[in-house]
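*Asks:* Whatever this is, show me its structure:
(one chain, ligands or ions: 2)
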Amino acid sequence: MIAMSIPFTLSARHKGFNRAEVVDQNFIEFVQLWQGDVRATPRDSEAVLPGSALDARGFRELLESQLISRHLDLMARVLRVQNKVFYTIGSSGHEGNAMVARLTRHTDPAFLHYRSGGFMAERFRKIPGMDPVMDSALSFAASKDDPASGGRHKVWGSKPLWVLPQTSTIASHLPKALGTAVAIEQARRIGHVLPVPEDSITICSFGDASSNHATAQTAFNAAAWTAYQKLPAPVLFVCEDNGIGISVKTPSGWIANNYQHRANLDYFFADGLDLAEGYAQVRRAVEHCRTTRRPTFLHLKTTRVMGHAGTDFEIEWRSIEELFAVECSDPLLRSAGIALASGLYTKEQLLGLYEATRQRCFAAAEEADSRHRLTSLEDVMAPLAPYTPAAVKAEAERADYADKRLAVFGGEAKLPEKLPPRHLAIQIGQALHDLLAKYPEALLFGEDVAQKGGVYTVTKGLNKTFKGSRVFNTLLDETMILGLAQGYANMGMLPIPEIQYLAYFHNACDQIRGEAASLQFFSNGQYRNPLVMRIASLGYQKGFGGHFHNDNSITALRDIPGLVVGCPSRGDDAAMMLRTLMALAKVDGRVCAFLEPIALYMTKDLYEAGDGQWQFDYPAPDQAMTLGEGRIYHEAANDLVVFTFGNGVPMALRAARTIEKELGWQVRVVDLRWLAPLNDAFIAAQASSAKRILVLDEGRKSAGVGEGVITAIVEGGCGATPLKRVVGADTFTPLAGAALLVLPGEAEVVAAARELAAG
Ligand SMILES: Cc1ncc(C[n+]2csc(CCOP(=O)(O)OP(=O)(O)O)c2C)c(N)n1
Ligand SMILES: [Mg+2]
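*Replies:* Residues are numbered from 1 along each chain as shown. Ligands and ions are numbered 1, 2, ... in the order given. This is a model prediction of the structure:
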């Protein structure tokens, strides 16, 4: 540790309201007043100070990175008030994270804390010709030219530097960082070619307060669970401990106490305030992670100067003495001391560099302010949900894997399209066999999916056929299942995670809502995490009752921007929809949800027991379905048109018989099949020829699919057509027969038709 006396007298100016100005002035005064001994100037390859692992060149570059980070912060505080910058959460006090960047590679995927200015400036060095100042300025200015997000968010991100942009939701990136680490290792086992070197690690930084979050704990637990089984998980968790989260202090010593002795999470400490001291410590952690491939926890000591953000006037809620003490721990003062004591810089040179960096940041910011911004909704949404229909169709119908199919299904005669008609569960299983054969990079995983084949045996046999490296059980943690999925996707694989019940998707929803579905948007289409999430869903189960196995809330999925949601009612549709979803993922990088109605898994009959009318021929592998394409039963009928999906389809077909008998109406049933995005034009077209309309929605009344269908009907110009809705109640679902009081039933469909007949 380098002895560091801070030569300030607490002048009146230091009591100022604007702590950014104070911190800025502190640096200048510190250099001007510095009075230590100067050693002989080291050569580039020599230690910057005796005993330090950091050489002179490394120190100079790290110092420059720190200064860039600091002046970006200072610039942001000044230009925010002029409306030239739109973000003031800074990195001041955390600039030591530049060491982590220096000691890792630009191909080590990085998932970064928002205080990563130092890390970024340093990582930029890894590719000559890149300019961290201009790129950051464009991001601060929300310019369309911002290379990270195209002006959608102030976010640390870079495609060439393998920095995947993160959302503002603290800790939400830890599961996918671990997932990416696991994927790096798993690639070899499935013969997948990685986009990064095989010995890469992932870097995941976050704050001390964030480490308490459930999503962080999930990742630590899963990392340890993995390592405990001697499976590799080369993730470097970097906890940037500044001792505070906005205004809440982390109990002193908590991070060390909480993580130092966790089994299978290897703890290292580094002083992020002192480059000379911290460098060797950071290096030990990085080397440990890279060579042992074990989850590694680097506790990086930092501080936070200039408050949480520009809007945080700390002086209003902390004592001046406390603020002053924090400001004295500023790592840039420590770096300045090393710079001067080592003889690498004179005071004039150091202040010259400081001011030149300031000028550079301001010049870049002014330039960024003159660049164009996002000015149309089309521009904003362009990367959200890419869709290239022709390419998706071609991919979905691509059936150039005949040999693999023969091997998977066990010969020509056993190909599913040659077998008698089957029900939903079997045909989903067959389709998944097909898709895993078609896509060697596809993986299927979740709770109980392997040997058991899932709670409903839908995935039975896949584990045997495709082995444990491609079809496997995970730990019981939906957040982590979806984090893993994003990790595999980041590494170019095609994950098919399974969520055991819809209620348990809600438990981990943010991993799709906040994370997976937003990646293309916030990276301006540069990163994508394609995945097809299968969820056993919806009500009417006879075997397994209660709300949590019968949850019918589709709303939470429908309003996730960019998410595709499909819901089949029969096996042949399910097979074709899965092909389309996999093609959407493969071609356009889309995030997809497939809601499998549990109550229809084993349904074989439609009207009478034993009629076998809800079993269908398996569609040959070159058959798929266009996104948004519905299925129409009794197309010519128009006395009544029923819009429905999932369990509603066979229910509506049964009710239609009664209605035809009783009211003499011809009834058309329209299976929407795709619940997000809803095909408004298709709905309006079907409605336009209807004399009466019934919307049968097994989901809940408020904000459910039915509302969207009715809106499409009205906006499509059919608002005058008599219409009724039969829909689930806004309640949780009770156990046993009482469940049917909550959910729509056949009798209610018939009753609604009668009401329409009565006018
Ligand atoms: C899930 C979530 N809850 C709350 C917030 C609001 N928030 C932003 S930063 C922050 C404090 C984080 O503190 P810490 O993890 O220590 O990081 P630091 O800012 O100190 O670097 C909070 C509560 C958020 N972004 N995400
Ligand atoms: Mg903190």
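
*Asks:* can you tell me how far the spatially most central residue of the chain sits from ligand 2?
*Replies:* In the chain, the residue lying closest to the centroid (C-alpha atoms, centre = their mean) is E515, at 2.3 Å. To ligand 2, E515 is 21 Å away according to C-beta to the ion, to the nearest Å. Glycine gets a C-beta too; all of them are placed from N, C-alpha and C.

*Asks:* Identify the residue nearest that residue in space, chain neighbours excluded?
*Replies:* S172 (5.6 Å; C-beta to C-beta, 6 or more residues apart in numbering).

*Asks:* Give me the distance between that neighbour and S91.
*Replies:* S172 sits 20 Å away from S91, going by C-beta to C-beta, to the nearest Å.

*Asks:* now L600
*Replies:* Distance from L600 to S91, by C-beta to C-beta: 53 Å.

*Asks:* Tell me how many other residues surround the residue in the chain that ligand 1 sits nearest to.
*Replies:* When scored by C-beta to the nearest ligand atom, the chain has G207 as its residue closest to ligand 1, at 2.1 Å. When neighbours are counted by other C-beta atoms under 10 Å, G207 registers 27.

*Asks:* Next one, pLDDT for it please.
*Replies:* pLDDT, G207: 98.

*Asks:* Same check on the one 10 residues further on?
*Replies:* Reading off the confidence values, Q217 has pLDDT 98.

*Asks:* Run the chain-centre distance for the host helix or strand of it.
*Replies:* Here Q217, judged by DSSP states H and E, is contained in helix 214-228. Helix 214-228 sits 17 Å away from the centroid of its parent chain (C-alpha atoms, centre = their mean, to the nearest Å).

*Asks:* Would you mind telling me which of L600 and S91 has more residues around it?
*Replies:* S91 (29 against 23).

*Asks:* Would you quantify the distance from that one to V286?
*Replies:* Counting by C-beta to C-beta, the gap from S91 to V286 is 20 Å.

*Asks:* same question, R43
*Replies:* 25 Å.

*Asks:* Then I89?
*Replies:* 26 Å.

*Asks:* One more: G191?
*Replies:* Distance from G191 to V286, by C-beta to C-beta: 28 Å.

*Asks:* now the helices for the stretch 551-700 of the chain?
*Replies:* 555-558, 571-588, 598-601, 648-663, 680-688 (DSSP state H, counting those that start in this stretch).

*Asks:* Let me have the ones you listed in a markdown table, adding distance to A385 as columns.
*Replies:* Shown next, in a markdown table, are the helices of the stretch 551-700 of the chain (distance: least, C-beta to C-beta, whole Å):
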| stretch | distance to A385 |
| --- | --- |
| helix 555-558 | 14 |
| helix 571-588 | 8 |
| helix 598-601 | 28 |
| helix 648-663 | 26 |
| helix 680-688 | 15 |
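
*Asks:* quick revisit: helices or strands up against the helix holding Q217?
*Replies:* Packing contacts for helix 214-228, counted by 3 or more C-beta pairs under 8 Å, 6 or more residues apart in numbering; DSSP states H and E, involve helix 174-190, strand 235-241, helix 478-490.

*Asks:* which SS class is D145?
*Replies:* coil (DSSP: H, G, I helix; E, B strand; the rest coil).

*Asks:* Could you give the number of residues near it?
*Replies:* D145, neighbours per other C-beta under 10 Å, totals 17.

*Asks:* That one reaches R373, doesn't it?
*Replies:* No. With contact defined as C-beta atoms under 8 Å, D145 and R373 do not form a contacting pair (9.2 Å).

*Asks:* what sits in contact with each of these two?
*Replies:* Residues touching both D145 and R373 (C-beta atoms under 8 Å, 6 or more residues apart in numbering) are G151.

*Asks:* what does this structure have sitting close to ligand 2?
*Replies:* 207-209, 242, 244-245 (C-beta under 5 Å from the ion).

*Asks:* Same drill for G191 and V286, tell me which one is more crowded.
*Replies:* Remark: of G191 and V286, V286 carries more neighbours, 25 against 9, as counted by other C-beta under 10 Å.

*Asks:* What sits closest to that one if chain neighbours are left out?
*Replies:* That would be L103: by C-beta to C-beta, 6+ apart, it lies 4.6 Å from V286.

*Asks:* how far away is the one you found from F59?
*Replies:* L103 is 13 Å from F59, by C-beta to C-beta.

*Asks:* re earlier: could you redo the helices and strands packed on helix 214-228 as TSV and give each row distance to ligand 1?
*Replies:* Shown next, in TSV, are the helices and strands packed on helix 214-228 (distance: least, C-beta to the nearest ligand atom, whole Å):
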stretch	distance to ligand 1
helix 174-190	12
strand 235-241	6
helix 478-490	12
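
*Asks:* if we compare these, which one ends up closest to A583?
*Replies:* Proximity to A583 (C-beta to C-beta) singles out helix 478-490 among the helices and strands packed on helix 214-228, at 15.0 Å.

*Asks:* Within its sheet, name the partner strands of the helix or strand following that closest one and how each one runs.
*Replies:* Remark: after helix 478-490, the chain's next helix or strand is strand 494-499, criterion DSSP H and E. In the sheet, strand 494-499 lines up against strand 442-446 (parallel), strand 531-537 (parallel) (DSSP bridges).

*Asks:* Nearest to ligand 2: which residue in this protein?
*Replies:* Taking C-beta to the ion, ligand 2 has its nearest neighbour within the chain at G207, 3.7 Å off.

*Asks:* Having no further points to raise, I will conclude here.
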